[in-house]
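*Asks:* Quick one: sequence and predicted model below, then my questions.
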Amino acid sequence: MKRTVLPIVAAVAAILGMISVARTRPRREPTVPPSAPPTSSFEQVVAGVGLVEANSENIDISCAVSGMVTQLYVKAGDRVGQGQKLFSLDDRDLRADHQVKRTALAGAQARLAKLEQEPRAEDVPPAEERVREAQANLADAEVQVRLIESVTDKRAVRDEDVQRRRLAYKAAQARLAEVEAQLGLLKAGAWAPDIAVAKSEVAQAEAQVKMAETNIDRLTMRAPIAGVILQNKVRLGQYAQCGPLSEPLMIFGSVTPLHVRVDVDEHDAWRVRGGTQAVASPRGNGSIRIPLEFVRFEPYVIPKKSLTGDSTERVDTRVLQVIYRIRDAEPSVYVGQQMDVYIDGSASRLSSKNSENSGASQ
């Protein structure tokens, strides 16, 4: 009895369990994707993942020196011309130093002008009067010498008086020569080496002012080319660090036209030829097909970027980067957007057939 009942009970329990599991199993209705996956119309196709970028490549704007942001002239999305101001840093200390150096330059220029304008017209008449005075003193000393030498009786004059008058005459001659030399020196103007030294001081002061102006100008970041502000992380009052940063202060680039950087697997790289046709579809909408025009190859094959974030992962695949230009004047894509790109690979097949035919003929 037990041998027949127990198997029956076990079978019934198993059937009931299966029914219960079937009832509790969730039902998943088939879902239709919002858009059809992208497809290619090429007979031979090479697929790759593209990233939209500026035709100048994305330029990370930095600053020459670190400082606090005091002026912000643009925002994300603005179109700017080459040399247009983007943002400025605090320059109060440099402007004060610039004013000091401008004052030093003014002093050096004034000293040079003073030397170049010598002699002053007002300085010549007094010097000439001193010459006439010396001439008069010389004439008086000469008369005194003649008078004392004209005395025939040597006992009437002392020899000491004669010598004193002769020495006074010689002193008057020396004084006249001195004031005449001073007058000549005055009329000759400034000495040429003194003017050269003054000119060098002016040039040095001008260089100092130019250096201060350059340092002030370095605190204002300007657009390197005409383009668009793609991203702005600069805020007023922020302390901007110079040098390469993990998050750039600004991302800038020329977006007319846009470029697509396509990663082609190294196993398919030989199938891509320059000048071949290509089409791209934005991620999530395969119905949009954007024609691409070949621009160039990046000569260096790089490791494929992996976006998992796992620090232990290893990337063994390398990719060839191909740059294409978007033909549309105003495409509905944005810089940084991923694209599914399909490249015509028929040219590689024709070239391989041609090589095989040439080899067979040989």
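*Replies:* Now that the structure is in, tell me what you want to look at.
*Asks:* Strands of the stretch 151-300 of the chain, start to end?
*Replies:* 220-222, 227-232, 239-240, 250-253, 258-265, 278-282, 290-297 (DSSP state E, counting those that start in this stretch).
*Asks:* can you redo these as a markdown table with mean pLDDT?
*Replies:* Shown next, in a markdown table, are those (pLDDT from 0 to 100):
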| stretch | mean pLDDT |
| --- | --- |
| strand 220-222 | 94 |
| strand 227-232 | 94 |
| strand 239-240 | 92 |
| strand 250-253 | 93 |
| strand 258-265 | 92 |
| strand 278-282 | 90 |
| strand 290-297 | 91 |
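*Asks:* Out of those, the one nearest Gln321 is which?
*Replies:* Nearest to Gln321, of all the strands of the stretch 151-300 of the chain, is strand 258-265, at 5.7 Å by C-beta to C-beta. (Glycine included, C-beta is placed from N, CA and C.)
*Asks:* Which parts of this protein belong to which domain?
*Replies:* 45-55+255-350, 60-90+220-250, 100-214 (automatic domain parsing).
*Asks:* Mind putting these into a markdown table with mean neighbour count and distance to Pro7?
*Replies:* Listed next are the domains of the chain as a markdown table, based on neighbours: other C-beta atoms under 10 Å; distance: least, C-beta to C-beta, whole Å:
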| stretch | mean neighbour count | distance to Pro7 |
| --- | --- | --- |
| domain 45-55+255-350 | 16 | 52 |
| domain 60-90+220-250 | 15 | 70 |
| domain 100-214 | 14 | 99 |
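*Asks:* got those as TSV, with distance to Ser20 columns?
*Replies:* Output for those, formatted as TSV (distance: least, C-beta to C-beta, whole Å):
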stretch	distance to Ser20
domain 45-55+255-350	40
domain 60-90+220-250	55
domain 100-214	83
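*Asks:* so how far is the one helix or strand Val46 maps to from its chain's centroid?
*Replies:* Applying DSSP states H and E as the criterion places Val46 in strand 45-54. Relative to its parent chain, strand 45-54 has a centroid offset of 30 Å by C-alpha atoms, centre = their mean, to the nearest Å.
*Asks:* packing partners for the very next helix or strand once past it?
*Replies:* Downstream of strand 45-54, the first helix or strand assigned by DSSP H and E is strand 59-61. In terms of contacts (3 or more C-beta pairs under 8 Å, 6 or more residues apart in numbering; DSSP states H and E), strand 59-61 is packed against strand 250-253.
*Asks:* Centre of the chain to the helix or strand containing Ala22, how far?
*Replies:* If you go by DSSP H and E, Ala22 is part of helix 2-24. The chain centroid and the centroid of helix 2-24 are separated by 80 Å under C-alpha atoms, centre = their mean.
*Asks:* quick one: average confidence on it?
*Replies:* Helix 2-24 shows a mean pLDDT of 76.
*Asks:* Need the CA coordinates for that helix. PDB is fine.
*Replies:* The C-alpha trace of helix 2-24 is given here as PDB (Å, rounded to 0.1, in the frame of the first residue of the first chain):
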ATOM      1  CA  LYS A   2       2.700   2.400   1.000                       C
ATOM      2  CA  ARG A   3       4.700   1.600  -2.200                       C
ATOM      3  CA  THR A   4       1.900   2.700  -4.400                       C
ATOM      4  CA  VAL A   5       0.500   5.700  -2.400                       C
ATOM      5  CA  LEU A   6       3.800   7.500  -1.800                       C
ATOM      6  CA  PRO A   7       4.800   7.800  -5.500                       C
ATOM      7  CA  ILE A   8       1.400   9.000  -6.300                       C
ATOM      8  CA  VAL A   9       1.500  11.700  -3.600                       C
ATOM      9  CA  ALA A  10       5.000  12.800  -4.700                       C
ATOM     10  CA  ALA A  11       3.800  13.100  -8.300                       C
ATOM     11  CA  VAL A  12       0.800  15.200  -7.300                       C
ATOM     12  CA  ALA A  13       2.900  17.500  -5.100                       C
ATOM     13  CA  ALA A  14       5.400  18.000  -8.000                       C
ATOM     14  CA  ILE A  15       2.600  18.800 -10.400                       C
ATOM     15  CA  LEU A  16       1.100  21.300  -7.900                       C
ATOM     16  CA  GLY A  17       4.500  22.900  -7.400                       C
ATOM     17  CA  MET A  18       5.000  23.300 -11.100                       C
ATOM     18  CA  ILE A  19       1.600  24.900 -11.500                       C
ATOM     19  CA  SER A  20       2.400  27.300  -8.600                       C
ATOM     20  CA  VAL A  21       5.700  28.300 -10.100                       C
ATOM     21  CA  ALA A  22       4.100  28.800 -13.500                       C
ATOM     22  CA  ARG A  23       1.500  31.100 -11.900                       C
ATOM     23  CA  THR A  24       3.900  33.200 -10.000                       C
END
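*Asks:* Scan the helices and strands of the protein for the one with the lowest mean pLDDT.
*Replies:* helix 346-361 (a mean of 51; mean pLDDT, DSSP states H and E).
*Asks:* any idea how far Asp123 lies from Glu129?
*Replies:* 11 Å (C-beta to C-beta, to the nearest Å).
*Asks:* Oh, that last question was meant for Pro299, not what I typed.
*Replies:* In terms of C-beta to C-beta, Pro299 sits 87 Å off from Glu129.
*Asks:* For Ala269, list the residues it contacts.
*Replies:* Listed by C-beta atoms under 8 Å, 6 or more residues apart in numbering, the contact set of Ala269 reads 301, 319-320.
*Asks:* Kindly reformat the residues you listed as TSV and extend each row with distance to Arg28, secondary structure and pLDDT.
*Replies:* Output for the contacts of Ala269, formatted as TSV (distance: C-beta to C-beta, whole Å; DSSP: H, G, I helix; E, B strand; the rest coil; pLDDT from 0 to 100):
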residue	distance to Arg28	secondary structure	pLDDT
Val301	43	coil	89
Val319	36	strand	90
Leu320	41	strand	91
